[in-house]
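1. Quick one, structure for this:
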Amino acid sequence: MIVTLRRTLAPFAARAGAAVAAGYSLYLSFPPREWWFLAPLAIAALLITLRGRSIRAAVVLGYLGGLGFFVPLLPWVGEYVGPVPWLALAAAQAVAFAVFAACVPLLHSCRGAPIWIASAWVAVEAARSRLPFGGFPWGRIGFGQADGPLLSIASLGGAPGLSFVVVAMGSAIALAAVAVRTKQWHALALPAAIGISVAVVSVVPLSSGGGDRQISVALIQGNVPRLGLDFNAQRRAVLDNHVRKTLELANMIALGKSARPDFVLWPENSSDIDPYRNDDAFDQISTAARVIGVPIVVGAVIRSADGTTRNSSIVWDPKTGPGQTHDKRKLVPFGEYLPMRDLMIRLSSYAEQVGNFVAGSGNGVVEIGDVPIAVTTCYEVAFDGLVTQSVRAGAQLITVPTNNATFGRTEMTYQQLAMSRVRAVEHNRAVLIAATSGVSAVVDRDGTVVQRSGLFTADVLMARVALSSDLTVATRIGTVPEWLAVSVVVAFLAGAACRHRTRGKLP
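-> Got it, this is the predicted structure:
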């Protein structure tokens, strides 16, 4: 009996190990590594692992693959608060892999399987980006392709289009591997067609329209006093750092050693002191704006009379002071706000330590002079709809004020930079990333990083960037690719389920 059990478990254990390895290989395709080519290979390995399995077995294997991906991808979540939030989030997100894997046995035998399998992946990513608590898009395959030749596809289909192409390629590789192993040479036609199609699409020239006008910008990275969550206790020091670097730049301008920018971008939380309630903070920011002589976009925490707070970016004019404001629209659950707050507080006293921020509204666009810019605060850059809304509303430049200090020297900031590079190509807009502690960066419209800072260093980035007013295909169609993928998958799964039920049972 023991021998029989070992013979039964050994093949599954091997497949389980292969699923975890496939997930880990997918993780390795993400920044800061430039191993983008591992993504389609990882998908191919996962699909081969799932081949011939029942739906129940596929769910288990898919979940293990998800753990292999998300556990190493997300340790920054628990950098200073311990492993529980990190592992809980990874375990929850791995469910998406299990859902995808459950679709594979029903789709792999369909004609044109790579297309339907890729659609299933995009549909699952779409759901994960929206549910629960507003979704968590981190780790979408498309966000790992910023250094690869497929990046230009983002201008046609956005991040969902990138994910679709990568998974279709992976599925085609798996199909080709099976065809070669079984010597079914005719089955190589579809993988070859997919490969040729991807090669053609990926060399489509990026749009460069609307880029005749350029402006000068300055990004201030003031740095934080020390690593860890307690940097928030050093609020005044953080504000002073950003004021100091701005005044240093103003002195360089006065000496003729630097050109005056059209505006200055400070990071999220650069003034964690509410300047409307603290006269000293108000005066410091006003002095910096007056001396530099141009508007400063200031990241500030604004406290309301009802006890709630807002994560705001304020256009601070050198003459008139604070003006237009963007309040962060997409807040981090269990970080900036607590879902089901009353219940959670009753369950745990630690829950009271979670922020009580309220989300803003609007289109995320503020104007500096006659230039409309998108303000995409930190976490917001991961959400397709928010950036698309701002660009459709007229934004000619995308800014990403962010605060990564709470994540230390983890890979989080590099993952966020990759997302910003995808957004640049997706919308044909230059992207400016201003971080409190790094990495700050200037990204050109083709996704190239023109300048970047180091981690936990004070720095000033100066650049001239092109403005753009045209709309890419991806900007125009918005969420259409995702809804198309959902519709296609639901229709195919329903048909496949009916066929299998007619035959007696599901696989």
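2. shaky segments in the stretch 251-400 of the chain?
-> For the stretch 251-400 of the chain, applying pLDDT under 70 flags the ranges 340-355.
3. And for the chain?
-> Judged by pLDDT under 70, the stretches of the chain that qualify are 1-10, 80-81, 204-212, 226-233, 340-355, 496-507.
4. where exactly do the strands run in it?
-> Taking DSSP state E as the test, the strands found in the chain are 214-221, 263-265, 296-303, 309-317, 321-327, 365-368, 371-375, 397-402, 431-435, 441-443, 449-452, 459-466.
5. Pick the most buried one from those strands.
-> Among the strands of the chain, strand 431-435 has the highest mean neighbour count (mean count of other CB atoms under 10 Å), at a mean of 30. In short, each C-beta sits where N, CA and C put it, glycine included.
6. can you list the domains in this structure?
-> Using automatic domain parsing, the domain ranges for the chain come out as 2-206+479-503, 214-328+367-471.
7. Spatially nearest residue to residue 173 (excluding sequence neighbours)?
-> Nearest residue to residue 173, sequence neighbours excluded (CB to CB, 6 or more residues apart in numbering): residue 44, at 3.9 Å.
8. Can you tell me the number of residues neighbouring that neighbour?
-> Residue 44 is flanked by 22 other residues according to other CB atoms under 10 Å.
9. Can you verify my assumption that it contacts residue 167?
-> No. Using CB atoms under 8 Å, residue 44 makes no contact with residue 167, being 9.7 Å away.
10. And the helices in this structure, which stretches?
-> Using DSSP state H, the helices of the chain run over residues 2-28, 38-50, 55-73, 83-107, 113-128, 154-182, 189-202, 235-254, 279-292, 341-347, 384-392, 412-427, 473-477, 480-503.
11. Relative to residue 214, how far out is the residue lying closest to residue 430 once chain neighbours are set aside?
-> Of all residues beyond its chain neighbours, the one nearest residue 430 is residue 465 (4.0 Å), with distances taken as CB to CB, 6+ apart. Residue 465 sits 6 Å away from residue 214, taking CB to CB, to the nearest Å as the criterion.
12. ok, the closest residue to residue 461 other than its chain neighbours - contacts?
-> Using CB to CB, 6+ apart and skipping residues adjacent in sequence, the residue nearest residue 461 is residue 219, 4.2 Å away. Neighbour list for residue 219: 264, 265, 432, 433, 434, 440, 442, 460, 461, 462, 463 [criterion: CB atoms under 8 Å, 6 or more residues apart in numbering].
13. nearest to residue 328, of the helices of the chain?
-> Comparing the helices of the chain against residue 328 with CB to CB, the closest turns out to be helix 384-392 (9.8 Å).
14. List the contacts of the closest one.
-> By CB under 8 Å, 6+ apart, helix 384-392 touches 129, 137, 158-160, 329-330, 363-365, 374-376, 380-381, 398, 423, 426-427, 429, 471, 475, 478-479.
15. Any idea how many residues pack against residue 407?
-> Quick note: residue 407 (other CB under 10 Å) scores 20 neighbours.
16. Check the gap between the nearest residue to it once chain neighbours are set aside and residue 380 for me.
-> Leaving aside its sequence neighbours, residue 407 sits nearest to residue 76 (CB to CB, 6+ apart; 4.3 Å). For residue 76, the distance to residue 380 equals 17 Å [CB to CB].
17. Of the two, which one has the most company?
-> Ranked by neighbour count (other CB under 10 Å), residue 76 and residue 380 place residue 380 first, with 25 against 19.
18. so that one touches residue 330, yeah?
-> Yes. Under the criterion of CB under 8 Å, residue 380 is in contact with residue 330, at a separation of 4.7 Å.
19. surely the residue nearest to residue 430 meets residue 261?
-> No. Counting by CB under 8 Å, residue 465 does not reach residue 261; the two are 10.4 Å apart.
20. between those two, what contacts are shared?
-> 215, 217.
21. which one is the residue most central in space within the chain nearest to, not counting chain neighbours?
-> The centroid of the chain falls nearest to residue 382 when counting by CA atoms, centre = their mean (3.3 Å). Leaving aside its chain neighbours, residue 382 sits nearest to residue 137 (4.3 Å; criterion: CB to CB, 6+ apart).
22. what sits against the one you found?
-> Per CB under 8 Å, 6+ apart, neighbours of residue 137: 125, 128, 129, 143, 159, 382, 383, 384.
23. most surrounded residue in these?
-> When neighbours are counted by other CB under 10 Å, residue 159 leads those with 29 neighbours.
24. What's the end-to-end length of stretch 331-338?
-> Length of stretch 331-338, first residue to last, CA to CA, to the nearest Å: 10 Å.
25. And it, how far out from the chain middle?
-> Offset of stretch 331-338 from its chain centre (CA atoms, centre = their mean, to the nearest Å): 17 Å.
26. pretty sure residue 264 is in contact with residue 218, am I right?
-> Yes. Residue 264 is in contact with residue 218 according to CB under 8 Å; the separation is 4.7 Å.
27. and for those two, which residues touch both?
-> residue 249.
28. Dump the C-alpha coordinates for stretch 257-273 into PDB.
-> Written as PDB, here are the backbone C-alpha positions of stretch 257-273 (Å, rounded to 0.1, in the frame of the first residue of the first chain):
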ATOM      1  CA  LYS A 257      24.700  77.200 -13.400                       C
ATOM      2  CA  SER A 258      21.300  75.800 -14.100                       C
ATOM      3  CA  ALA A 259      18.300  76.800 -16.200                       C
ATOM      4  CA  ARG A 260      15.000  77.700 -14.400                       C
ATOM      5  CA  PRO A 261      12.400  74.900 -14.800                       C
ATOM      6  CA  ASP A 262       8.800  75.500 -15.700                       C
ATOM      7  CA  PHE A 263       7.700  73.800 -12.500                       C
ATOM      8  CA  VAL A 264       9.100  71.700  -9.700                       C
ATOM      9  CA  LEU A 265       7.700  68.300  -8.600                       C
ATOM     10  CA  TRP A 266       7.900  67.200  -5.000                       C
ATOM     11  CA  PRO A 267       7.100  63.600  -4.000                       C
ATOM     12  CA  GLU A 268       4.100  62.200  -2.100                       C
ATOM     13  CA  ASN A 269       4.300  63.000   1.600                       C
ATOM     14  CA  SER A 270       7.000  65.500   1.100                       C
ATOM     15  CA  SER A 271       5.000  67.600   3.500                       C
ATOM     16  CA  ASP A 272       3.500  65.200   6.000                       C
ATOM     17  CA  ILE A 273       2.700  68.300   8.000                       C
END
